[in-house]
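> can't give you the sequence, but here's the structure:
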Ligand code: CDP
Ligand code: MG
């Protein structure tokens, strides 16, 4: 399998509870390298742009409010099959369905406040990385 890059976000519920290091340890234990990382505070408009694909969904407004409610840590993870691997480490969207040992099983508070975002395909990974990072910030 090829080396890939994927976009990860440690969400406000997790930064608020000081869980950045514990979540990063899960990525590193799974063989994912954090090759770029920064802590930012999104505006609601920026969160809305990032989650535009969900704009017709009933949870969109609440999701954007939540993502702008506290800082997030945006990061690029690199590794063999990183996109699927990260989704496995994250666990299911709803923590009630997340497999034991996954980030969402251990840390998520609800289906909305579920601690992490991860790209779901190569095309979305490329677009989402470019949304937050310039080429100069991706040093490998
Ligand atoms: O994050 P993931 O790709 O697993 O799920 P998604 O279906 O792409 O939804 C994006 C985000 O919207 C989720 O991670 C949740 O934060 C939120 N969401 C929600 O608040 N209520 C739902 N019923 C589904 C998703
Ligand atoms: Mg998604």
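All right, it came through fine. As the structure is a prediction and not an experimental result, all values here were calculated from the model. Ligands and ions are numbered 1, 2, ... in the order given.

> what's the closest non-adjacent residue to residue 28?
Sequence neighbours aside, residue 34 is the residue nearest to residue 28 in space, at 7.2 Å (criterion: Cβ to Cβ, 6 or more residues apart in numbering). C-beta: built from backbone N, CA, C; applies to glycine.

> check contacts around the one you found.
Counting by Cβ atoms under 8 Å, 6 or more residues apart in numbering, residue 34 touches 24, 27, 28, 75, 76, 77.

> do the same with residue 113
Counting by Cβ under 8 Å, 6+ apart, residue 113 has contacts 11, 12, 13, 66.

> where does it land on pLDDT?
What the model reports for residue 113 is a pLDDT of 98.

> before we move on, what about residue 72?
99.

> Show me which residues of the helix or strand where residue 48 lies are buried.
For residue 48, the host element (DSSP states H and E) is helix 44-50. Applying a neighbour-count criterion of 16 or more other Cβ atoms under 10 Å, one finds 46, 47, 48, 50 buried in helix 44-50.

> ok, and what's touching the very next helix or strand once past it?
Per DSSP H and E, the first helix or strand lying C-terminal to helix 44-50 is helix 60-67. Applying Cβ under 8 Å, 6+ apart, the contact partners of helix 60-67 are 11, 12, 13, 42, 44, 47, 48, 50, 51, 54, 112, 113.

> If we use 10 Å, what do you get?
The contact list for helix 60-67, computed with Cβ atoms under 10 Å, 6 or more residues apart in numbering, reads 9, 11-13, 41-55, 57, 59, 110, 112-114, 117.

> Helix or strand: which one has the nearest residue to residue 50 once chain neighbours are set aside?
Distances taken as Cβ to Cβ, 6+ apart place residue 131 nearest to residue 50, at 6.0 Å, with adjacent residues excluded. Element membership of residue 131, judged by DSSP H and E, is helix 122-132.

> For that helix, name the packing helices and strands.
strand 3-10, strand 33-40, helix 44-50, strand 72-80, helix 82-90, strand 116-118 (3 or more Cβ pairs under 10 Å, 6 or more residues apart in numbering; DSSP states H and E).

> Would you mind putting the ones you listed into JSON lines with distance to ligand 1 alongside?
What follows is the helices and strands packed on helix 122-132, written out as JSON lines (distance: least, Cβ to the nearest ligand atom, whole Å):
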{"stretch": "strand 3-10", "distance to ligand 1": "9"}
{"stretch": "strand 33-40", "distance to ligand 1": "17"}
{"stretch": "helix 44-50", "distance to ligand 1": "10"}
{"stretch": "strand 72-80", "distance to ligand 1": "12"}
{"stretch": "helix 82-90", "distance to ligand 1": "7"}
{"stretch": "strand 116-118", "distance to ligand 1": "5"}
